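**Q** My questions concern the predicted model and sequence given below.
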Amino acid sequence: MSERTQNTLESHPDIMEMRERHARAERAASSQQGQAVEALALITGLYLAASPWIAGFNDLGTLAVNNLITGIAYTFLLSGFGHAYERTHARAWTAALLGLWTVVAPWLVAGNVDTTRTIVNNIIVGVVALLLALAASAAAGETDRGGRSRRARTAR
């Protein structure tokens with residue numbers, strides 16, 4: 001007969017590294033910088049989604065729908081990123097691309113939507129979204145998938 005062995009988490013060979021990575025993510029998520037970036041990104045995404053109605057260009061259908069979808073996507077990408085801080089590097093870069101898209105959208109979406117109001121709104125919101133996503137990416141990039149800090153890797 002074959003004896004069945006039970007593998008527990010406590011017997012995992014990388015348990016100390018996994019615990020340290022989790023502790024590092026918790027410290028980053030609970031930092032004032034991490035919380036501020038997350039809160040500002042949430043507000044930015046929600047404003048982007050509602051901006052056609054707030055700034056008064058909801059009659060320009062394609063850009064209004066574009067901003068609604070982009071704002072919702074941005075909010076989902078960066079909200080709650082503190083819970084899995086080191087695993088959000090790719091999500092933060094995707095959010096940065098959405099920030100860039102927001103800046104150029106008035107000239108690229110179908111229809112005549114490049115009015116002064118839409119351009120100013122989208123440039124300001126897009127730049128803020130881009131900067132917040134880059135801040136989130138930098139913070140998330142402090143650790144790699146192996147859990148070592150970038151500083152520790154370069155010190156070798």
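**A** That came through fine. Everything quoted here is computed from the prediction, not taken from an experiment. Residues are numbered from 1 along each chain as shown.
**Q** List the contacts of residue 78.
**A** 37-38, 41-42, 45, 88, 91-92, 95, 132-133, 136 (Cβ atoms under 8 Å, 6 or more residues apart in numbering). From N, CA and C alone the C-beta is placed, and that goes for glycine too.
**Q** Quickly note the distance from the closest residue in space to it that isn't next to it in sequence to residue 131.
**A** Counting by Cβ to Cβ, 6 or more residues apart in numbering, the nearest residue to residue 78 once its immediate chain neighbours are dropped is residue 41, at 3.8 Å. According to Cβ to Cβ, to the nearest Å, residue 41 and residue 131 sit 10 Å apart.
**Q** Between the two, point out the one with more neighbours.
**A** residue 41 (26 against 16; other Cβ atoms under 10 Å).
**Q** What distance do you get for the more buried one to residue 106?
**A** Between residue 41 and residue 106 the computed distance is 22 Å (Cβ to Cβ).
**Q** Check residue 126 too.
**A** Distance from residue 126 to residue 106, by Cβ to Cβ: 10 Å.
**Q** Report the helix or strand with the lowest average pLDDT across this structure.
**A** helix 150-155 (a mean of 48; mean pLDDT, DSSP states H and E).
**Q** how many other residues sit next to residue 75?
**A** Considering only other Cβ under 10 Å, residue 75 is surrounded by 20 other residues.
**Q** Which residue, other than its chain neighbours, is closest to it?
**A** Nearest residue to residue 75 in three dimensions, chain neighbours excluded: residue 45, at 3.1 Å (Cβ to Cβ, 6+ apart).
**Q** residue contacts, that neighbour?
**A** So residue 45 contacts 71-79, 129 (Cβ under 8 Å, 6+ apart).
**Q** Which helix or strand contains the residue nearest to residue 78?
**A** If you go by DSSP states H and E, residue 41 is part of helix 32-55.
**Q** Counting neighbours, show which residues of the helix or strand following that helix come out buried.
**A** Going down the chain from helix 32-55, the next helix or strand is helix 61-78, by DSSP H and E. Buried residues in helix 61-78, counting neighbours by 16 or more other Cβ atoms under 10 Å, are found at 63-64, 66-68, 70-71, 73-75, 77-78.
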